[in-house]
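Enquirer: show me the folded form of this:
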Amino acid sequence: MKVKTLVDRFEKFAPKKIAEKNDPVGLQIGSLDADVHKVMVTLDVRPEVVDEAIEKGVDFIFAHHPVMFRPAKNLDLSDPQNAMYAKIIANHITVYAAHTNLDSANGGLNDWLAETLGLEETTGLVPGVVEQVYLLTVQTPKVYSEAIRMSLEDAGGKLQLPDQDGYTFQWDGTTRLTTASNSALPQTSSSQNDTRIEFEVPESNLTAVMMALKDVFPGDNPIYRLVKLEDSRLQYYMGRIGNLPESMTVLEFANKCKQDFNVAGLRVIAANLDQKVQRVAVLGGDGGKFFRLAQQQGADVYVTGDVYYHTGHDMLAAGLPVVDPGHHIEQIVKPKLTQLFTEWAMQSNWSIEVIASTINTDPFTFI
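Expert: Down below sits the predicted model:
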């Protein structure tokens, strides 16, 4: 199969559009039209990771952190980073990165971190990208409705459930949708054998959904109406906030983080380690600047990485305990994406193998 097949499926899950501004997500090196047989998931693309990929016959590296976050100013191969790029190209390896779009995606990295901590009733923490939503209504003979439903859902449409008055029901026999987007419904006859299916479609999936409709619809001219839902938008969030099943002290929670994230050490910012906490905010990566927002949303404790010295003083002054287990807890992407891609491969009969890199790319050692 082609790299593009996996990338297209992934970008329905975590669209590039929801990445933070200036985050260079997406294809880093290679071609979407390249063949792929073996995928390796990694947190970082480092020379040791590339060597592992070559040794294991990997032709597609899927990374969380962009390999070219800081563009090369030259291609002097005496530079280790440039030499790594050359090795990737020479071995025909494609590299793709999903960074803040994976952070914000529903069911993505920050949800995985919240689940690891056992948080309940989680909601978004830091408002991010807002995406327009459309309502797509399709008229089709009943015999084709299931195939259309499956195809459009696979392309990124969200089927409306029965209690939302949208799931496959009979026309009234007097109205018929036209092929014109946003058009009025003309009063013409319709077959009683026709049914109607409605989908909510995020803007980032709209092109794929419309192409899927054209491909699966019987005949050359799909019968549909597409309406922009002016008061319906998808709000994506960086980070999550939720509740522990039971309260515990800051010290107990810090030890829980150490165990849950399997880290050798962590930093704790707290005036009183015996203070009770239950409502937890978590944001993977460098999230120190968002601590006031976490506090405003009622967090008793905040979990994030890369906290700066002076920001730590501000956190102490604000009275918000903070646990910093490091940036590397984002390595959770390795088992999670490996599992997700393997499930997609089985569902879609892709002939690929998916593995996780075994290289520890954490630059820090606790002594």
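Enquirer: where in the chain is pLDDT low?
Expert: Judged by pLDDT under 70, the chain has its weakly predicted residues at 161-192.
Enquirer: redo that, cut-off 80
Expert: Within the chain, the set of residues satisfying pLDDT under 80 comprises 71, 161-194, 219-220.
Enquirer: mind giving me the domain ranges of it?
Expert: Using automatic domain parsing, the domain parsing of the chain gives 3-100+331-356, 109-128+238-329, 129-234.
Enquirer: now render those domains as JSON lines, adding mean neighbour count and distance to residue 362.
Expert: All C-beta spots, glycine's among them, are computed from the backbone N, C-alpha and C. Below are the domains of the chain laid out as JSON lines (neighbours: other Cβ atoms under 10 Å; distance: least, Cβ to Cβ, whole Å):
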{"stretch": "domain 3-100+331-356", "mean neighbour count": "17", "distance to residue 362": "8"}
{"stretch": "domain 109-128+238-329", "mean neighbour count": "18", "distance to residue 362": "4"}
{"stretch": "domain 129-234", "mean neighbour count": "16", "distance to residue 362": "29"}
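Enquirer: for the ones you listed, give me CSV that also has distance to residue 363.
Expert: Shown next, in CSV, are those (distance: least, Cβ to Cβ, whole Å):
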stretch, distance to residue 363
domain 3-100+331-356, 9
domain 109-128+238-329, 8
domain 129-234, 30
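Enquirer: quick one: closest of those to residue 367.
Expert: Each of the domains of the chain was scored for nearness to residue 367 using Cβ to Cβ, and the closest is domain 109-128+238-329 (9.1 Å).
Enquirer: now the strands for the chain?
Expert: For the chain, the strands defined by DSSP state E cover 26-29, 38-42, 60-63, 94-97, 120-141, 158-159, 169-170, 194-202, 223-249, 267-269, 276-286, 301-305, 322-324, 353-356.
Enquirer: for residue 264, what are its contacts?
Expert: For residue 264, the residues meeting the contact criterion (Cβ atoms under 8 Å, 6 or more residues apart in numbering) are 365, 366.
Enquirer: next, give phi and psi for it.
Expert: For residue 264, the backbone dihedrals (degrees, to the nearest 10) come out as phi -80, psi -20.
Enquirer: rewinding a little: residue 365 is nearest to which of the domains of the chain?
Expert: Proximity to residue 365 (Cβ to Cβ) singles out domain 109-128+238-329 among the domains of the chain, at 7.9 Å.
Enquirer: what about the closest one, start to end distance?
Expert: 10 Å (Cα to Cα, to the nearest Å).
Enquirer: if we can go back for a sec, kindly present the strands of the chain as a markdown table, with separate columns for distance to residue 85.
Expert: Compiled in a markdown table, those are given as follows (distance: least, Cβ to Cβ, whole Å):
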| stretch | distance to residue 85 |
| --- | --- |
| strand 26-29 | 7 |
| strand 38-42 | 16 |
| strand 60-63 | 12 |
| strand 94-97 | 9 |
| strand 120-141 | 30 |
| strand 158-159 | 39 |
| strand 169-170 | 55 |
| strand 194-202 | 34 |
| strand 223-249 | 29 |
| strand 267-269 | 34 |
| strand 276-286 | 24 |
| strand 301-305 | 27 |
| strand 322-324 | 32 |
| strand 353-356 | 22 |
